[in-house]
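Engineer: Quick one, structure for this:
(chains A and B)
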Amino acid sequence: MTTSMPAFGTGPPQPTRLRALSAFMHRNVWLRLLGLLAAPMFWLGVAYLGSLAALFVTAFWSTDSFTGDVVRSWTLDNYRQLVETDVYRRIVFRTIGVAVAVTVIDAIIAFPVAFYMAKLASPRVQKLLVVAVLMPLWASYLVKGYAWRVLLSEHGLIDSTFGGTPGFGLVAVIITLSYLWLPYMILPVFAGLLRLPDSVLEASGDLGARPGRTLRSVVIPMVFPAIVAGSIFTFSLSLGDYISVKIVGGTTQLLGNVVYDNIGAASNLPFAAAMATVSAVVMLIYLGAVRRTGALDNL
Amino acid sequence: MTLTGHAKWLLRGAVALALAFIYVPLLIVVINSFNADTTFAWPPDHVTLHWWSAALDNQGARSAVLTSVKVGLAATGVALVLGTLSAFALQRYRFFGRDAVSLLVILPIALPGIVTGIALNNAFLTVLGIELGYVTVVIAHATFCIVVVFNNVLARLRRLGESSEEASMDLGATRWTTFRLITFPSLGSALFAGALLAFALSFDEIIVTTFTAGASLQTLPIWIFSNLFRPNNAPVVNVVGAVLIALSVIPIYLSQKLSGETAGGRL
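Structural biologist: Purely as a prediction, here's the structure:
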């Protein structure tokens, strides 16, 4: 390339400044990587992680009870209050309970649907079902929450069909959240089942396993990472939700409500920060626990 | 594994029940947008088109839709750039801290929305002293939209391999030309699927939004939420919901058409 070439046709590209830069970049792997990562890392690594770090620090500050301003001196009072106050402790456990319940319900509903979609449905039906499952994701979250408020209300559809309704409260919150996050569970499990070769199922059958045994010993262990991937969504989305609670929860309080109220009405940012930190820590523990299953690659 | 006819019917039943669970509430929204009675008691007695005309005249709803579209487009744009860059870095290079970077991309969507919301709120107001508004919402939305673009591009890059790029460079093309003529065109539908999901995430987001929008900016979800509990406006919310349900056919059709093999894109 460095020797001169006959000058007919377009010939080889001329050594321009762009080309020199390109060659330079080609030789420098680190420079290329830096070029790719600089912007995302500034955004996520500096700005986003920095914000999270600032939040965790704020949780160790307090507010002046007279002026309501944030006082920047180290204290463990927020966490002490959180652990020692019965109400807050119960709210934390209730929130985790709701997140677990929603995740389990979604997994139970999602698995048969995803299994039917991946293994039994004809290609045409499969395509239709994918669309049918995806579609509610595009309908507004709030409108769906509101639909459940109407459904669960007195004289609503559920009341007039079944002669009773759970009403607004914890049960309504669990139903609504399960409804809202169901597609987030179905899709990863469906993708996981698609990757599971049919021949494995046949082999299990040929070796004498009944469907139940194949399900327990082959299918579930192999799609478990996909189920866990779905659970990351359902668990995290439930942990941080405070809107559904306001729509169908009646007087129920979840972690998100405490954070929201302390930012707005009560104006106690450090305590809100401590409460938010708790949900972040719960989620990080969960992420750490499921990391080894390979679920993060299934997201 | 061969399922007996009995088991197959059981599965079909489960699917039918799940579909009913998914679609009955959506149907209720559509029906109630024509319901004359504002208590929405079941079954409805009278049908009206009043709410539909009220919704069309509703200035607040219209400007909220416009705001949401603007925020969604900007956030999607940022997410497209950052998501694609990080997908290339993680798919094409092996380096120290690679796992940490991939976790970092997932983090904004893996952490509860309220954590991201309050963290950014605190950073904007207390640390940086920026007033909340359009820019802060776009920054917040872009942060959790990066991951969907990243996932779609990463999956595509994994499948593409590098042989055609190598061929291009062996034939004398620069890295930039190779990217422009070879890599970018084959990423097209993955980028589109990612962009579509990113836009949808942004358009529908409320938890992070309430913490980063401030009082002056009203996105559609915030408008809906503030009107949900007003008896006179709640029926209009049903109309908006019905319209959104109807409009959702468009992105689904597009994503199916463009990325059939990925079944509508990854989450």
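
Engineer: who touches B:Phe150 in this structure?
Structural biologist: B:83-84, B:86-87, B:105, B:194 (CB atoms under 8 Å, 6 or more residues apart in numbering or on different chains). Using the backbone N, CA and C atoms, a C-beta is placed for each residue, glycine as well.

Engineer: Now render those as TSV, adding distance to B:Lys257, neighbour count and secondary structure.
Structural biologist: Shown next, in TSV, are the contacts of B:Phe150 (distance: CB to CB, whole Å; neighbours: other CB atoms under 10 Å in any protein chain shown; DSSP: H, G, I helix; E, B strand; the rest coil):
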residue	distance to B:Lys257	neighbour count	secondary structure
B:Gly83	22	28	helix
B:Thr84	22	24	helix
B:Ser86	27	27	helix
B:Ala87	23	28	helix
B:Val105	28	23	helix
B:Gly194	16	32	helix
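
Engineer: which of those residues are close to chain A?
Structural biologist: Counting by CB under 8 Å from any CB of the partner chain, B:83, B:86, B:105 from these sit close to chain A.

Engineer: secondary structure element for the closest residue to the second one other than its chain neighbours?
Structural biologist: Sequence neighbours aside, A:Pro40 is the residue nearest to B:Ser86 in space, at 4.2 Å (criterion: CB to CB, 6 or more residues apart in numbering or on different chains). Secondary structure here is read from DSSP states H and E; on that basis A:Pro40 sits in helix A:29-40.

Engineer: Which positions within that helix qualify as buried?
Structural biologist: A:32-33, A:36-37, A:40 (16 or more other CB atoms under 10 Å in any protein chain shown).

Engineer: Which of those residues sits closest to A:Ala114?
Structural biologist: Of all the buried residues of helix A:29-40, A:Pro40 has the smallest distance to A:Ala114: 31.9 Å, by CB to CB.

Engineer: Could you count how many residues lie near B:Leu90?
Structural biologist: 22 (other CB atoms under 10 Å in any protein chain shown).

Engineer: Within range of chain A, give me the residues from the stretch 151-267 of chain B.
Structural biologist: Checking the stretch 151-267 of chain B against chain A by CB under 8 Å from any CB, the hits are B:151, B:172-176, B:200, B:204, B:206-207, B:210-211, B:220-221, B:224-225, B:228, B:234, B:237-238, B:240-241, B:244-245, B:247-249, B:251-252, B:255-256, B:260, B:263-264, B:266-267.

Engineer: ranges for the strands of the stretch 51-200 of chain A?
Structural biologist: Using DSSP state E, counting those that start in this stretch, the strands of the stretch 51-200 of chain A run over residues A:62-63, A:70-71.

Engineer: Closest one of the ones next to chain A among the contacts of B:Phe150 to chain A?
Structural biologist: B:Ser86 (4.2 Å; CB to the nearest CB).

Engineer: and the residue nearest to B:Ser86, what is it in contact with?
Structural biologist: With the criterion set at CB under 8 Å, 6+ apart, A:Pro40 makes contact with B:82-83, B:85-86, B:89, B:105, B:146.

Engineer: TSV please, covering those and showing pLDDT.
Structural biologist: Formatted as TSV, the contacts of A:Pro40 follow (pLDDT from 0 to 100):
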residue	pLDDT
B:Leu82	96
B:Gly83	95
B:Leu85	94
B:Ser86	94
B:Ala89	92
B:Val105	92
B:Ile146	95
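
Engineer: farthest-separated two in those?
Structural biologist: Most distant of the contacts of A:Pro40, by CB to CB, are B:Ala89 and B:Ile146, 12.5 Å apart.

Engineer: more neighbours, those two?
Structural biologist: A direct count of neighbours by other CB under 10 Å for B:Ala89 and B:Ile146 places B:Ile146 higher, at 31 against 22.

Engineer: Over to B:Leu3. Which of the three states is it?
Structural biologist: Assigned state for B:Leu3: coil (three-state reduction, DSSP: H, G, I helix; E, B strand; the rest coil).

Engineer: unless I'm mixing things up, it is touching A:Thr214, no?
Structural biologist: No - if you go by CB atoms under 8 Å, B:Leu3 and A:Thr214 don't touch, sitting 9.7 Å apart.

Engineer: The two - which one has more neighbours?
Structural biologist: Taking neighbours as other CB under 10 Å, B:Leu3 and A:Thr214 compare with A:Thr214 leading, 21 against 18.

Engineer: can you tell me which helix or strand the more buried one belongs to?
Structural biologist: helix A:211-214.

Engineer: Can you mark which positions in that helix are buried?
Structural biologist: Per 16+ other CB under 10 Å, helix A:211-214 contains these buried residues: A:211, A:214.

Engineer: And the pLDDT for residue 63?
Structural biologist: Picked chain A for this. If you check A:Thr63, the pLDDT there is 78.

Engineer: Chain B was what I was after
Structural biologist: 92.

Engineer: sorry, back to before: can you add distance to A:Ile109 and give the contacts of B:Phe150 back as a markdown table?
Structural biologist: Rendered in a markdown table, the data for the contacts of B:Phe150 read as follows (distance: CB to CB, whole Å):
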| residue | distance to A:Ile109 |
| --- | --- |
| B:Gly83 | 30 |
| B:Thr84 | 35 |
| B:Ser86 | 33 |
| B:Ala87 | 32 |
| B:Val105 | 29 |
| B:Gly194 | 27 |
